[in-house]
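[1] model this:
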Amino acid sequence: PPEPVITEPVVPAPEPNDVPEQELGRVSESETDAADDDAQQPDNMFVAKEGRWGSGGVRIDQVTLEGDHGPAHVFHTGERMTIRMHVSAPVEVDDFAFGISIFSNDGVCCYGTNTHIEEMMSESLEGDATVSFVIDRLALVGGTYK
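    This is a model prediction of the structure:
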């Protein structure tokens, strides 16, 4: 799929601790699992590349980007954007987290968060599910993002 493109007007990038309003479901992660996952993360988390982190108990099967009118890959600064993850867990998992990162075209991390950082509590997940991260007002400068 094409990389998302953000068009002008130019506005300041979000501050690292600014968290847009979002819907992420009932998820989080314990401190001990966060430490275990840290050992499996890439050396440089601020360089964009494909891959996965975690134990593999929950699998991300598909990711879609959606605007107000459905699937999209071009977004305008200030528009609403939904990052939707279609996930599956073959067996019941009760300790898990989901996260997203937005990288510039040259691999610089512009924004990232996860359900652990947002202090969302995990319950139970088994089978197929959908996790949605909603950015009500996209505050990125014009460019191409990963």
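
[2] Skipping adjacent residues, who's closest to residue 117 in space?
    The shortest distance from residue 117 to any non-neighbouring residue, by CB to CB, 6 or more residues apart in numbering, is to residue 99 (7.7 Å). All C-beta atoms are positioned from the backbone trio N, CA, C, and that covers glycine.

[3] From what I see, the one you found and residue 113 are in contact.
    Yes. With contacts counted by CB atoms under 8 Å, residue 99 reaches residue 113, the gap being 6.4 Å.

[4] quick one on the thing from earlier: distance check, the residue nearest to residue 117 against residue 87.
    Going from residue 99 to residue 87 by CB to CB, to the nearest Å gives 12 Å.

[5] Just list what the helix or strand containing residue 88 packs against, helices and strands only.
    In the assignment (DSSP states H and E), residue 88 maps to strand 81-93. Strand 81-93 is packed against strand 59-67, strand 125-135, with contacts defined by 3 or more CB pairs under 8 Å, 6 or more residues apart in numbering; DSSP states H and E.

[6] Buried residues, the next helix or strand along the chain from it. List them.
    Later in the chain than strand 81-93, the nearest helix or strand by DSSP H and E is strand 99-103. Under the neighbour-count criterion of 16 or more other CB atoms under 10 Å, strand 99-103 has 99-100, 102-103 buried.

[7] Residue 119: which of the residues you listed is nearest?
    The closest of the buried residues of strand 99-103 to residue 119 turns out to be residue 99 (CB to CB; 13.3 Å).

[8] Which residues are in contact with that closest one?
    112-117 (CB atoms under 8 Å, 6 or more residues apart in numbering).

[9] if we can go back for a sec, got the angle for the strand holding residue 88 vs strand 125-135?
    Computed by axes from the mean of the first three to the mean of the last three CA atoms, to 10 degrees, the angle separating strand 81-93 from strand 125-135 equals 160 degrees.

[10] Mind listing residues that contact strand 81-93?
    Against strand 81-93 from outside (CB under 8 Å, 6+ apart): 4, 57-67, 72, 75, 96, 98, 100, 124-135, 138.

[11] Cheers, nothing more for now.
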